[in-house]
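**Q** Sequence unavailable; structure follows:
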């Protein structure tokens, strides 16, 4: 993979120019993209700033996020060729930092569940995950050092786990969603993919203007709770092994690790995530559903059909459970610095007709807390673990994830 930090170090040392860094990505894209199908559009002649903390960094932009000059097609023929006039807030910020929005990456239709044409960079017979399929695959394949995704259930952490790259789903609304096609305004969260945890920490600190995120420390003996999420079903053996290896790595690094069974309030919130998502999706995509229903792919249509059957009272009840669960989780973090759990049920499934299951992600998206995927080496297909922090404490979650990543590599 292409490390954002390595590229920037070479540019600052004078051994690589920003234009040369973009050329590295173009060469990698030429080599891998014909088989990978991770990109929707490639800018043939982008402006390449010479200065800025992200000068020379090519970014993949999920195709529900606006980038001026490139079409935003939402993974749907309904928006074929549609050109936004301006940038989404996060893309504008990246450009201010000197980054180049080089490509739009594939998304499932409206960031829902119908697969894209993208394949897994480690085995083309396996899914790359969704809905941020193209972003995860492009970083995992070494075509781009940084990519944007979104998560409404598990669409940043799960594809990062499947494609073997690091990723962060930050605290809810830490990165603005202005200029991003909405599916669920209570859940949609912009996230970042990069080669390693230090890369995503650096990018998140710059994008948000919060240098303390990158400087944060986990402490010499962070308190880590291992959470199995039994209410979400059993994981596959590879995910179980990855969690065990990550736990052992944390313990070798001096962490105080203990098991934690989540209270019933968290399981009740988990059960209501889909209700909230589908109810809001039906409203957010009202025009598409009411006027273009025949152009919607089957899984998206089914989710919106389900949303149409959910009453406001059911939705309000789901939101109340979510609010209560957040207060319960906040209390748990009084005794822990981070939670360690599964990123996905296992490695990427051997299918291209499904994007995999977000069941180990959806609770944390509803809770709005920061989540970091840490790849765990030693498997034929990538498997990751998920480090979760308290709301607003993204820096500590990333610091604990860096600690585990270093111990796994060492």
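**A** Structure received. In this text, all values refer to a predicted model and were calculated from it rather than measured experimentally.

**Q** Nearest the middle, which residue of this structure would you pick?
**A** A centroid search over the chain (Cα atoms, centre = their mean) returns residue 156, at 1.9 Å, as the residue closest to the centre.

**Q** Skip the chain neighbours and tell me the closest residue to that residue.
**A** residue 191 (3.6 Å; Cβ to Cβ, 6 or more residues apart in numbering). For the C-beta atoms, the positions are set from N, CA and C on the backbone; glycine is no exception.

**Q** Okay, strands next: where are they in this structure?
**A** 39-42, 58-62, 100-105, 146-151, 166-169, 189-194, 223-226, 256-259, 338-342, 371-376, 383-388 (DSSP state E).

**Q** Among those, show me which one is buried the most.
**A** strand 58-62 (a mean of 31; mean count of other Cβ atoms under 10 Å).

**Q** Could you tell me the angle between that strand and strand 189-194?
**A** Here strand 58-62 points in a direction 140 degrees away from that of strand 189-194 (axes from the mean of the first three to the mean of the last three Cα atoms, to 10 degrees).

**Q** Make CSV out of the strands of the chain and add distance to residue 29 and mean pLDDT.
**A** Shown next, in CSV, are the strands of the chain (distance: least, Cβ to Cβ, whole Å; pLDDT from 0 to 100):
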stretch, distance to residue 29, mean pLDDT
strand 39-42, 7, 98
strand 58-62, 9, 99
strand 100-105, 7, 98
strand 146-151, 12, 98
strand 166-169, 20, 99
strand 189-194, 16, 99
strand 223-226, 38, 98
strand 256-259, 41, 98
strand 338-342, 32, 98
strand 371-376, 22, 98
strand 383-388, 24, 98
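
**Q** Mind putting these into a markdown table with distance to residue 280?
**A** What follows is the strands of the chain, written out as a markdown table (distance: least, Cβ to Cβ, whole Å):
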| stretch | distance to residue 280 |
| --- | --- |
| strand 39-42 | 25 |
| strand 58-62 | 19 |
| strand 100-105 | 24 |
| strand 146-151 | 14 |
| strand 166-169 | 18 |
| strand 189-194 | 13 |
| strand 223-226 | 30 |
| strand 256-259 | 34 |
| strand 338-342 | 25 |
| strand 371-376 | 20 |
| strand 383-388 | 23 |
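
**Q** Residue 319 is nearest to which of those?
**A** strand 189-194 (16.6 Å; Cβ to Cβ).

**Q** Can you pull out the low-pLDDT segments for the stretch 101-250 of the chain?
**A** For the stretch 101-250 of the chain, no stretch has pLDDT under 70.

**Q** My read is that the residue nearest to residue 156 contacts residue 170, right?
**A** Yes. Residue 191 is within contact range of residue 170, at 6.6 Å (criterion: Cβ atoms under 8 Å).

**Q** Helices along the stretch 201-350 of the chain, start to end?
**A** For the stretch 201-350 of the chain, the helices defined by DSSP state H, counting those that start in this stretch cover 212-215, 237-252, 264-284, 286-291, 298-309, 312-332.

**Q** What of the stretch 1-150 of the chain?
**A** Using DSSP H, counting those that start in this stretch, helices in the stretch 1-150 of the chain cover 4-13, 18-36, 89-96, 133-140.

**Q** Let me have these in TSV, adding distance to residue 116 and mean neighbour count as columns.
**A** Shown next, in TSV, are these (distance: least, Cβ to Cβ, whole Å; neighbours: other Cβ atoms under 10 Å):
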stretch	distance to residue 116	mean neighbour count
helix 4-13	24	18
helix 18-36	11	17
helix 89-96	20	20
helix 133-140	5	35
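
**Q** Run through the residues that contact residue 306.
**A** residue 278 (Cβ atoms under 8 Å, 6 or more residues apart in numbering).

**Q** So what touches stretch 230-244?
**A** Applying Cβ under 8 Å, 6+ apart, the external contacts of stretch 230-244 come out as 226, 261-262, 266-267, 270-271, 340-347, 359-360, 363, 376, 379, 381, 383-385.
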